[in-house]
Every structure is written in C-alpha cells, then in structure tokens.
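>>> Just the structure for this:
(4 chains)
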Amino acid sequence: MTQPIDTSIYAAVTEAIRSEAKRILSEGQVSAIVGYAVARRKGSAQPIVISDAADVSKLIFTPACVNNLSVYLTKAKKEIPKNGKIGIVVKGCDLKALVGLMGESQLKREDLFLIGVPCAGVLGSVLQPDTELTSDTIASKCRECGERLPQGCDFVPSVTLPATPEQEQIYAAEIARLEALTPAERWAYWKEQFSKCIKCYACRQVCPFCFCEQCLCDRNKPQMVETTPRPAGNFAWHVIRAMHLAGRCAGCAECERVCPMDIPLNLLNRKMAKELKELYDYEAGFEVNDKGPLASYDDKDDQSFIK
Amino acid sequence: MSRIGVFICHCGENISRTVDVERVAREVGQLPGVAFSTDYKYMCSDPGQNLLKKAIQEQKLSHVVVAACSPRMHERTFRKAVEAAGLNPFLCEMANIREHCSWVHEDKEEATVKAVEIVGMMVERVKKNRVLPTITVPVTKRALVIGGGIAGIQAALDIADCGHEVILVEREPSIGGHMAQLSETFPTLDCSQCIMTPKMVDVANHPKIKLYTWSEIERVEGYIGNFQVTIKRKARSVDEDKCTGCGVCMEKCPVRKIPNKFDCNLGMRPAIYVPFPQAVPNTPVIDRENCIKFKTGKCGLCQKVCGPGAVDYEQEDILIVEAVGAIVVATGFDLYTIDEKPKGSLIKGYGEFGHGKIPDVVDGMTFERLASASGPTGGKILRPSDGKEPKQIVFIQCIGSRAREKGISYCSKVCCMYTAKHTMLYHHKVHDGQAYVFFMDARTPGKSYDEFWRRSIEEEEAVYIRGMVSRLYQKGDKIVVMGSDIAVGVQVEIEADMVVLATAIQPQKGADTLAQKLGISYDKYNFYSEAHAKLRPVECATAGIYLAGACQGPKDIPDTVSQASAAAAKVMTLFSKDKLEREPIVARVKEAGCVGCFYCKKVCPYGAVEEKEIRDRQGNLIKVVAYVNPGVCGGCGTCQATCPSKSVELDGYTDEQIVAMIESL
Amino acid sequence: MQKFISQQNLNTLLDKLIAEGKRVVAPRMNAGTVLYEPLTAAAELVTDQLPRRSGKEAFFPLCEDIMSYRKEGQQVTLTDIDPARFPETVLVGVRPCDAAAIPVLDAVFSWDYKDEFFLERRRKTTIVGLACTQADDACFCSAVGLSPGEPKGADLFLTPVEGGGYSCETHSDKGEALINNHKDLFAETNGEKALPLAQPQTEAFDLQKVKAWLDEHFENPAWDSIATRCVGCGACAFVCPACHCFDIVDEGTEKSGKRRKNWDACGFWKFTHHASGHNPRDQQPKRYRNRIMHKFKYYDDKFGQTLCTGCGRCIRLCPVGIDIAGIIQEIEKQVKVKVE
Amino acid sequence: MHPEKQKHAFEPKIIAFVCTWCTYAGADLAGTSRMQYPSNVRVLKFPCTGRIDPVFILKAFQQGADGVLVSGCHPGDCHYIAGNFHARRRFAAFRKLLEFVGVDLNRLQFSWVSAAEGGKWVEVVTDLTEKVRAMGLMTEFKELALEEQWSGTIDTPELKEAYDQI
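Numbers count the residues shown, from 1 in each chain, chains lettered A, B, ... in the order given. Purely as a prediction, here's the structure:
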C-alpha cells in the first residue's frame, strides 16, 4: 500500500542550509559550497557550486536532491576549486562516502565544511522529477537507511525528523531471491541485465570511489577488460567494478540510479557489503583511516573454502 | 618484432622419453615471433650453453625461452648464459617441461601437446619481458645496535671487531641488561658478573663502538644500507666526559632510600646513582623525580662535592642523528608482572599467587638478586619480610607461561633450568633447608641441561612435585601452598617460608612502539617476527634489520649469544660490499595513473611504499603519489593486485606478461 | 499514399515480416527497459513508451565488427566484413524525434567518406514512424523545428486514431512498397480522427541566433557554470538519436581478434586524449561545450542542419541534471540581453 | 607396464595460478617424485598469491578455462610474510561475487600446497580435473564471448563460421 512520506521539514532544512551557507561564505570560512539548486523541469534539482554569498538563495533541499555530491570533491573531478576549505551539503548516505574518501587519502576533514541534511528520503528515480515522495517512489537505499541524521558534521539544521513508515528492504529481499536460484538461473539473470549495458560509464563517473585517474578498464597494455559494449566485456566490467568497490562502497546507490539501462548495479555492491559484514564484521563508511576489509587480514580468517 | 629463440632440452632421456622434443621444437618454431628453435640433449651442459650463446649471436635473438627443468633448478644458469651472450638476463624465461610435464605424465601424445602449450605460453610471456637492470643500493658501513644486554653487547663487539663502527644504544644508565642481574648461570654455575663485566668493559673501551646509554630511539628513516636514526639522549645531569666515576656524589647525596630497580627494589640507592657498582659507563645519573635540587631548587650538594665539576643540572634531552646501514634489535625481555593486569592487555594477571600482597612471594629475578654476592643481602638468602633464612622454600614454575586461559600460550623456555639452578643455589646456601618445586613438566633440551636438572633432584635434594598450585595464602609467618601431585594423585600442602614464582618472559614494554618506528612486524605478544622461522631466523622481513636475543622470543644465554653473533654475521655480509645488489623484481609506480589512495601502502608487508609529492616547475603541489623504495621492496606484488587502477607494477610479473600467458592458452 | 491499419493488422503485418525472414526492430521490453530491438513476435511491440535508446542503432550499431585477424605460424589472415550481407530490416514504431535524426545522420555518413556500414543498412531498412500522443517537460522537439506528428525520416508514418488503429501516410517508395506488398492488411482511410497529439511545452528556439552566439563565444565563462557539474559519462551521447561519434578498437589476443567500431562520446576524458598525454579538452566544461557546439554550430556549419531533435533523453538521463533545452534557452536570453 | 589410460570424451582446460615458493615447488616435488596426474593443468607462476589479481581468474574463464585453481603457501608460511593472508580475503570475497553472478564455484578451487606437499598437489589437481570433467565444458563464458549486440550481428553464415573458430 502506498504511504506518503512526510517531507515537510525540507522547507526548514532549505532555509537553514541557506543561512549557514551565507554565514560561512561571507565569513570566508569556505571558498565554495557544493549543494543542490532548483532546475528548469518542474520539481527537479541539480548540483551547483556557489562561491558568492549572494547566490545562497539558489540552494535547496527537496526529494529530488538525489545526487551524492561527494563525487565533486574527488580527484577525478578537477573542475571544483581545491583552494581553501570547501563546504558541501551531505545526506547521511553521502557522508559515508566522504568518510571512505578520507580513509583513502583523497580528502582531509579539515578541508571540508560539512552541512549535514536531516533526510526523510529522496526519490528513487528523477526521470520524472515532479513526483511525490511515497513508499513507492522512495529510493531503495532510503528504505534501509540508518543515517537519516548525519553525524559529525559542522552544521546540521535543528529540525525534528518525522517518523518514517516501516518499509520493505528491497535489496535484502532481492539478494535473498537471487541467492536462492541455481547458478545457471543467476547467470541468466545477470547476463540479461549486463547485456543491456552500453558502456556509457555513468555508473563509474558518479561513483565517489571510482576516483582513479586512469580506470583499469581504460588501460590497454594489457587490456584487462574488453571495452566494447558486448555481453562479454560488459560482464567483466561490472564484475570487476563490484570487486573494486567491495569493502569501500557505502551504498549511495548512485550507480544504479543513473544507469540509463536500469541495471540493478547496487545489488552487486550490497551483496558484497553483506558478505564482508558476515566474513569480517566490516561495514564501510563509519570510520576514517581504517584499512578496509580487503587491505587487512587476520591470521584466523575463514578459510573453509580453501583445500 | 621479437626474434625469440626456443631451446628444448632432452634432459638426457628425462624429458625426451615422454615428450617428443623434435615435434615441440618444430611446432613452437611456427609461433609468431619465434625466429629459431632447436632441441638438445643437455641444455645445461657446457656445450648446451654454448649452443644457446652462439644462437643468440648468430640469430640475433631478442628473447630466449629454455624449455627444460624447473626454473627453480636452472633459471639462474640460463640467465647467466644469456647475459654472457650480451642479452639482459631477464629476457630469458624457462618453460618447465620436466617436473611439470615429462615426469608426471606417461602418455607421450598428451605430454607432447602439453609441452607445446607450456612453451607457447612462455613464448608469449617472454615477448612482454622488459630489460631489467640490476638494482644497486649504496651501503653505509655502520651498524646500530639497540639494547645493551648480552645480545646487544655480543653483536656490537662482533661487528666492531670486524672493523665497522657500531652505535650501541641502551635505555638504562648502564649496559649489562638482565644478565648483569643474575647470580650464577646454568648449567655451569659460573658467576654471571664474572663473565659479563669483562665484555661490558670491552664495549666501553672499543674504539669502534660509540655507546649511548640513557638514550632511546626516537625515529628511524631510510632503508637497508641507508638508515637515518634519530636518538634521544636523555639528560643525565652529569657530564660523561668530565666525570671520573669517583662516586663521592653518591656518598654525599642526602636522599638515600630510593628502591633500586636493579636489585628488584630490595636494596636502596641515592638520587644520584649508578644502578650497580660495575656499571658501564660508570657515570651516575640524577633521578630527577627524587632529587631535592630538581624538586625544590635547594640542595645542590652533589655539584658542590664533584671535583671535576661534572654535575650539570641544566642538561637537557638532546636529539642526535646517526647514519647507519644495518640495525640489530636486541631489546631483550621483561618479566611478567603477576600482580598487574595491564589495561586492555590480552594477558590476565596472577593475583591469586599473592605477588605484591605477600612479601615473601617473590619472582625468579628477585631470588637471583638475593642469591647474588653483589646483591642487597650480600648473597645470603633472606626473606624480604623479616630477613630470616627460609627453611622451607617452594618454587612454582610456569607462572604465566603455557597458560592459554591467561593469555600466554608459549613456553618461556628458561624457567625449568633456572628453577633447578635456584634449588641448587638454595641448597648450597641453606644446608638445612628444603626446596620444593611445582612443575608441569621439565623441559631441558640443551647441552648438559638434563644432567643439570637431574642433579638438582638427585644430588641437591630438591623435591619435584608434578602438578599445579591451586591456592596459596599467608598463615602467621608461613605461606601455605596447596596443590596436587598428579603423579601420585594426592593433595599436597606445604607450609613454606618463602615462595619463588617462575614468571613468564615477555618482550620489553614499548616493544610495539619501537617496532612501529623501525617498520618491523611483531606477533600478538609483541615479540618481533623473523623473516622466516626456519631459514631466516635472525632477519626481519624489513631488509637491513636483524634480531638478536629474547626480543624475538624467550631464549637462554647461549642461544642469545649465538643469535647475536649470527645477526652480526648477517650485518657483516651486508657490509662486505660497497653496494648492495638485488634482483630487480620490485614494484614500480606509474605516477601518471596513481591517485594516491595508498592501498599499496596499506598492504605492503615491507613498509616499502612511501608518499611522494609531484610538483610542477613552479613548485606547486600537483598530487601525492606512491613511491616504492626498491631497496626495501620484497617483490611479492600484493600492491599490484590491490591497486585499483593498476598504477603499480611488479617488474618481472607485469599484468602484460600474465595476461599474455592466459591468452596463449 | 494514405491508408488505415488496425492494431490487429499491424501485428499481423509484423508477424508476417518476421516470418518472411526480415528483421523487425521495434520498441520492446528487455529486462524492464524499453529498447528498439528485433521482435520475435508482434505482441512484444510497446507503443506507449519512448525507448531508452534511439533508433540510430539500426544503422549505427553500439558496436560492430569491421574486420577480423588471425595469426597462424608466420601467416596473418585478415577477413573483411561484407556489408552486402546485412539483413533486410523494418524499423517500426519509431518516434518522430528518432526518425528525424536519421536523415541528419545521412549527411555525415555519406560525406567525403561513404560509410558503407551505415549506408548499406540504411538502404536495407524501411522506417515506420509513429506520432506521439504523450510528452513530458523534457520533450522539446517542437523547439527545434519538429513536432510530435512530424514524419521526417519515416518511409511510412503512423498516427494513432480514435477507436484504435493508425492512419498511415507514405513518404517514400519504400513506404509504398511496404503497403503494396501487404495490401490486404491496409484499408482505405475513412475519415478516422487522429488522436490529439502531444504538445511539448518548450518554446521554439531561434536556432540562428543561438548559432550566432556560439560563433562568438567559444571562450565564455558561461561554459563553466553550465558544465562544471558534468561528471564526464557518455549517457547523453549514447541515448542521443543524433550523436554519432565512434572509436575504432582492436580487441583480441596475440593469435586472433577483431577490429571494432564502438560508440564514443565527447564527454569522456579519453575522447581527445593524445598519446603524448596531452589533452586539448582538459576539463569537463570544454568537453561539454563541444557537445553543444557540435549540435548547434559545427554540424550546421558543415551540413546546414541541427544535430538535435529534441527527444529529451539526455535531459531525463543526465546523472547530474544537465538540461540541454535549458542551456539553449539561457543562450537565447544572453542574445536578447545583448540586443537590448 | 602401466594400466591402459582411460580416454575421455571431454578433456577440461584447467588453469592454475600458483605461488613460486610453495605450490610451484610442491608441483616440482610431485615431478621429482614421479607422481602421476592428469595433463590438463597449465601452471602460471607468481611470486606470491598476493600478486594474483581476481581479474586473472575472470580472464582465465573468458579464455576458455573450464576450471581454475589458485594455490599458495599455508597461512604463516608466506615467503613475503602476509601475501597469502591478503589473498585469502581477496578470494573469499571474489568467489562470493562470482557465485552471485552465476559462476558455479565447483569450477574454482583454492588450496594451500606447501613445497613438501607433492602428494597434495597431485590430489588437488586430480580432484579438480575429474570434478570439472564430470561437469563438462564451461559454456557460460564461451557463449557470452560469441554474443553480439543485435545491431552488430551479421547475417552471414560463412563469416559466422569463420568467427566461431576464433
């Protein structure tokens, strides 16, 4: 049954973001702020970088503010000024990516001014941004969100988060469904999904952790992955990407949202997160500077799969 | 286009019996890039090698594949031959068609097909091989020895006797370590001081040894052959150059009642002191925490009485930097403190044995000081509580050791022997006394060790009770020790005058901090890890750092001295050449692609990855990338498998080479 | 020629074509996504959604082999692809924005180099267009001189009529041939009333003025504000009916492999990356500028046409909400400001 | 002298990635001891299992391997201290991923084989070969490699035949 999601606080959140942005820009605390702004289509929002206090009225927070803005602070994005402290508007899920980036020497906490957003959820798709946020249209990641109120930010608007209705955890259910299939059935499922891939690399480009200057898949000596968007190359690309994100991806699900071919990419990432949680009791995005489960070991690690 | 030469060896009949070598030579001769292929009876023989060299020159070969035995057998042989013919040795690969093919298959057709594929795979690999120059690293022929116990002293003397300068750093005011505290040593019962002090003096007088006591390692930078070590010389408050060691200051010091750590707190010392009379250097140090001058600003007596004017209250800690090429770590051990449960430690205490509560329950080292002629009782065994001679004494072994439930599962190795020694010393000094020993089992491997242990029972009348003590409590001036004799199956109760606990050996406090400064690994107990338990027992995985003595694991004196000399020999091996040559199988960073996530650094077992700044011509920082120090890299390649963008590459095992092999199959 | 075909007869037509061995490509559902793909049965046809990718794929595949090589011993064998072997294709249910792009692409593929891979497929394909009855606020065909009922590019154009079925209008010999070969399935028109067509909301652009501004403003700070947020993926180019850049790659092993022609996108950093390491379009705004320039200036300079048909796919699918229609509107505003 | 070798209709292609210090040496020992095992395996030598990139496993399957073996030093025996510990985690995760996308894990074997375990090498290789032989050809990746986007397919039997040989 469709249930409405209460987003009435977003107006107050928007106001609070604007006044804090104005303060830190005019006081010179930050050189620029990465946030969300209104766009042309009805109900839509888009990322924006402002560096003038006069522009703060452009900033908003609405259910269409889906982007994980932390991608703009990675080294892959050279367009954002890196001089001085940068302000950034972050939802709880986005903050986990920032924490990961700090642990991977990509960002320093002292270079950031974090404007945390109390978040009741955002849309799963903004193909039609003028959509009401309900238990049907909310992003799958928001259904299992445990970080509606970001922790450790420099500023968080003081509003009370409304209670959100209990929602079905789509990823967990879908992973369980796939796990119950035979290998051949799973193969068929993913083959169908991956075959749609057109190698537009939107998944890679929006991913905060795909910050490599030269992606493994862009290298040709040797060619590790076929670059042609054929089923074989697509399969290899998505498997390798999931492996590279294992233990790092904190589940912003941007890859899945932006995929023009609707490939359920975050399912792979959630599956890996689930396995690493089970194997090594590790969850990404909570601690800076830890080595991560695949850069560390314990001599007692499970090896029941090794003969 | 490559001009690859392929040489198929018959290995007598070892290969040719099951592999049709002519056919292999013919078929691989058809592979793209192969310019020459032949087979020969014994490729490793002189004529075989000459055939190879001649072909390289006459056929102008660019790469070579020798299909023969395992590369573990003859790779070096053929690479040398290739080098002699003017090619870089790393342009030669071996295809293993003996151990992995002819010897394990019987069917000639199958084995031949497999051999063709194996050779084909190596042909594709060798095409991607690059010229690798041998890596040379300059060597500073000076050594640092950390720790001035018997291990450090032995290593320092051996290296210095070879003519190399040694920096010996000791944290305490004097060298000597634990061995200087011992009374007699097993299994010969020679006096520890008598054999130890001459060596200490040798160190002090050695022209090649620079001794820094009352000093600690602050920072270690660099790598094998080229370390820069920052040493903190703590303020001694006495000028070592001026002091003559006359001792007047110590006599006049008004503070006299400070428990002396060297005597396990049984004896007392003044605030300006040397820990023991034979100390090296014989220069006192002021204990600033207890000195009236430092506490109140008054007194200053020692300075007034010092003839040479050596006492200097203004002295400060200073940092000095020494360049060395090798480091010997000999930080030794500490005894398990049984009444303490260090916070966060995985080791639980042994409060139930009364240590720290019952004054006459002492540890083995305290007993050594009581038995020592230079100790606080002048060698008389007297109870700490009332100074009476104990007539019944109980020794309990394995306190801490081999007790998994208490957090230590290892055996401390020396306790069986020193307890046997203690019973003898006791019997020699208290003729009418009786010694009891509770033990799990007696471990006496070592020359004359078991004879020694038996003597303590058979001649020196010690009563050994196999079993563990369950309870121990003070009753009047006696200590009641209750335990079980599992050999007989009865409960035992002894009213003892004194109890001696053989407490476990642990690494020195702060061993982990020092390891982190050195970049060496350590186990969960903080014992330092050797590179290989069997074959590289004195080397750390970190090149240029060596281990001696109990810092690596519990050891007795002979083992410690042997290991110290072995470590010295390793240092001397390193110092025997001006430059260190190493196989160029090392990781290299492709800086253009590196984004500085430092996953490589996180997984490198050798600490070989450093951070390097890339700047433009104006000096602006562009980015920070990884840099692999070729002197330190061990060549495992874990960094490359971990690097998301493959911006670090292990020479000799590049992705290109491996993918070429996979694609050939 | 004007005819009528019922929905049922359209289905029969498609099934017949399939049975004849023709490749019938039309919008169909593939794992939850509507794409132009070969139908196995007419029932798969989806008419109420705009496919995610455009119809250009029928002529300019996502990837295609153009040659193969094989090494045996010292011998190297090369095999060329013979375009004569491409299958006869009927492309059905093509939206006006997709169909209109195809004649635009003809210009570039038959320019100084005749791309037989494109042209042969073009010759062998009949395009059946379909008018739109729905539009969203990303649609802007009407702003670039087209409309939801525009038959440009279609050989046969279908308009849904009240009570079901379509009125059919031929626009080429191919279209007429399709009807003539299946006469029994088409009826004469009988005053059927077309369903109301969609009405995209975006006002028509003054493309000449936009081009005039682009002519003058290769360097302009506006590019930064437009495209700083571009993340450099190829989604916009790959879903676009008019983008046609491709990359030629050799893929395979030492022994054998293929030379392939793959879609490329000017948004990728690698697009202009030189072997030397230098990249003349070293920042994302410069790459995005090229996309706008190519669509509204360069293509016009060279072929007198605009390389955008207003399908709105790039607007809907841009991960960061870059809105090409909005950008053109902003440029128009700039022009007006200048005039005033 | 030897029993007649059984001929099989299908001989799987097995690719083994092994470390040089333990498993490669163990395989050498099997040879020195003249032990016998199926000839299907092709051994690729690495300095350490820590060097083995999951991509190689994928590549091996894509290149037509029916079974893949990854083998290195027992825990604690690594010549490079910890390479095999890192590998253990990496492959624990990677196999879960492969399983999730539908690769039958019976085709992927991991083992620790020391330099002294020639017998174990023989056992591991023989078991994997027999298991994979019973499973038959690994068709998934091979079929995938032949699949084209519909728009790129060519309707020419002669060319298709030529391609199928590639």
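
>>> switch to C-alpha atoms for all contacts and neighbour counts from now on
Fine.

>>> which SSE is C:V335 in?
When elements are assigned from DSSP states H and E, C:V335 belongs to helix C:324-339.

>>> which residues are in contact with that helix?
Residues external to helix C:324-339 that are found in contact with it (Cα atoms under 8 Å, 6 or more residues apart in numbering or on different chains): A:40, C:140, C:202, C:205-206, C:209-210, C:213, C:226, C:292, C:314-315.

>>> any idea which residue sits dead centre in the chain?
Chain wasn't specified; assuming chain A. Closest to where the C-alpha atoms of chain A average out (Cα atoms, centre = their mean) is A:C252, at 2.3 Å.

>>> that's the other chain; I wanted chain D
Using Cα atoms, centre = their mean, the most central residue of chain D is D:V68, at 1.6 Å.

>>> how near is the residue of chain D at minimum distance from chain C to C:F59?
Distances between chain D and chain C by Cα to the nearest Cα are smallest at D:G152, namely 4.4 Å. Distance of D:G152 to C:F59, computed by Cα to Cα, to the nearest Å: 9 Å.

>>> next one: A:D154
Using Cα to Cα, A:D154 is found at 54 Å from C:F59.

>>> ok so, going back, show me which residues of the helix holding C:V335 are buried.
Across helix C:324-339, burial judged by 16 or more other Cα atoms under 10 Å in any protein chain shown covers C:324-329, C:331-332.

>>> do stretch C:28-39 as well
Buried residues in stretch C:28-39, counted by 16+ other Cα under 10 Å: C:28-31, C:33-39.

>>> between the residues you listed, which is nearest A:L95?
Closest approach to A:L95 among the buried residues of stretch C:28-39 (Cα to Cα): C:T33, at 31.3 Å.

>>> Per-residue pLDDT of the closest one, please?
Here, the pLDDT recorded for C:T33 equals 95.

>>> tell me the contacts of residue 170?
In the absence of a named chain, chain A is used. A:140, A:143.

>>> switch to chain C, that's the one I care about
Residues in contact with C:T170 (Cα under 8 Å, 6+ apart) are C:1-2, C:155-157, C:176.

>>> Around chain B, pick out the residues from the stretch 1-150 of chain C.
When proximity is defined by Cα under 8 Å from any Cα of the partner chain, the stretch 1-150 of chain C lies next to chain B at C:71-74.

>>> Please, where are all the helices along the stretch 101-250 of chain A?
Using DSSP state H, counting those that start in this stretch, the helices of the stretch 101-250 of chain A run over residues A:140-143, A:170-179, A:183-195, A:202-206, A:231-245.

>>> before we move on, what about the stretch 201-340 of chain C?
C:207-216, C:222-227, C:235-239, C:284-293, C:299-303, C:313-317, C:324-339.

>>> Switch those over to CSV; also include distance to B:C604 and mean pLDDT.
Shown next, in CSV, are these (distance: least, Cα to Cα, whole Å; pLDDT from 0 to 100):
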stretch, distance to B:C604, mean pLDDT
helix C:207-216, 53, 94
helix C:222-227, 40, 90
helix C:235-239, 38, 97
helix C:284-293, 35, 96
helix C:299-303, 53, 96
helix C:313-317, 42, 97
helix C:324-339, 48, 85
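
>>> Just to be sure, the residue nearest to the centre of chain D is in a helix?
No - if the criterion is DSSP: H, G, I helix; E, B strand; the rest coil, then D:V68 is strand and not within a helix.

>>> pretty sure it is touching D:S111, no?
No - distance between D:V68 and D:S111: 11.1 Å, which falls outside the contact criterion (Cα atoms under 8 Å).

>>> before we move on, back to that, so among the contacts of C:T170, which ones count as buried?
C:2, C:155-157, C:176.

>>> If you tally nearby residues, what's the number for B:A550?
Other residues lying near B:A550 total 26 when counted by other Cα atoms under 10 Å in any protein chain shown.

>>> And for the one 10 residues further on?
Other residues near B:T560 number 25, with proximity taken as other Cα under 10 Å.

>>> Inside strands: which ones of the contacts of C:T170?
Among those, the residues falling in strands (DSSP state E) are C:2, C:156-157.

>>> Need the worst-confidence member of those.
For the ones in strands among the contacts of C:T170, the least confident entry is C:Q2, with 93.

>>> Find the nearest non-adjacent residue to that residue, please.
Excluding its sequence neighbours, the residue lying closest to C:Q2 (Cα to Cα, 6 or more residues apart in numbering or on different chains) is C:E169, at 4.6 Å.

>>> follow-up on the earlier one: ok, of the ones in strands among the contacts of C:T170, which one's closest to A:F211?
Closest to A:F211 out of these is C:F157 (47.0 Å), distances taken as Cα to Cα.

>>> surely that closest one meets C:L130?
Yes - with contact defined as Cα under 8 Å, C:F157 counts as touching C:L130 (5.8 Å).

>>> hmm, back to that, can you add distance to B:T642 and give the buried residues of helix C:324-339 back as TSV?
Compiled in TSV, the buried residues of helix C:324-339 are given as follows (distance: Cα to Cα, whole Å):
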residue	distance to B:T642
C:I324	40
C:A325	44
C:G326	43
C:I327	42
C:I328	45
C:Q329	48
C:I331	47
C:E332	51
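
>>> if we can go back for a sec, got a list of what the residue of chain D closest to chain C touches?
Contact analysis of D:G152 by Cα under 8 Å, 6+ apart lists C:61-65.

>>> Return the distance of it relative to C:G252.
For D:G152, the distance to C:G252 equals 17 Å [Cα to Cα].

>>> same question, D:L98
As for D:L98, its distance to C:G252 is 23 Å (criterion: Cα to Cα).

>>> near chain A, which residues of the stretch 501-650 of chain B?
The stretch 501-650 of chain B comes close to chain A at residues B:593-599, B:602-603, B:642, B:644-646, as judged by Cα under 8 Å from any Cα.

>>> again, only using 7 Å
Counting by Cα under 7 Å from any Cα of the partner chain, the residues of the stretch 501-650 of chain B close to chain A are B:593, B:595-599, B:602-603, B:644-646.

>>> If any of the residues you listed are buried, put those into a ChimeraX selection.
For the buried members of those, the matching ChimeraX selection, counting by 16+ other Cα under 10 Å, is:
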select /B:593,595,596,597,598,599,602,603,644,645,646
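
>>> May I see the residues of the stretch 501-650 of chain B next to chain A arranged in JSON lines, with secondary structure, distance to chain D and pLDDT as well?
Output for those, formatted as JSON lines (DSSP: H, G, I helix; E, B strand; the rest coil; distance: Cα to the nearest Cα, whole Å; pLDDT from 0 to 100):
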{"residue": "B:G593", "secondary structure": "coil", "distance to chain D": "18", "pLDDT": "91"}
{"residue": "B:V595", "secondary structure": "coil", "distance to chain D": "19", "pLDDT": "92"}
{"residue": "B:G596", "secondary structure": "coil", "distance to chain D": "20", "pLDDT": "93"}
{"residue": "B:C597", "secondary structure": "coil", "distance to chain D": "17", "pLDDT": "93"}
{"residue": "B:F598", "secondary structure": "coil", "distance to chain D": "15", "pLDDT": "94"}
{"residue": "B:Y599", "secondary structure": "helix", "distance to chain D": "12", "pLDDT": "95"}
{"residue": "B:K602", "secondary structure": "helix", "distance to chain D": "11", "pLDDT": "94"}
{"residue": "B:V603", "secondary structure": "helix", "distance to chain D": "8", "pLDDT": "94"}
{"residue": "B:P644", "secondary structure": "coil", "distance to chain D": "10", "pLDDT": "94"}
{"residue": "B:S645", "secondary structure": "coil", "distance to chain D": "12", "pLDDT": "93"}
{"residue": "B:K646", "secondary structure": "coil", "distance to chain D": "10", "pLDDT": "94"}
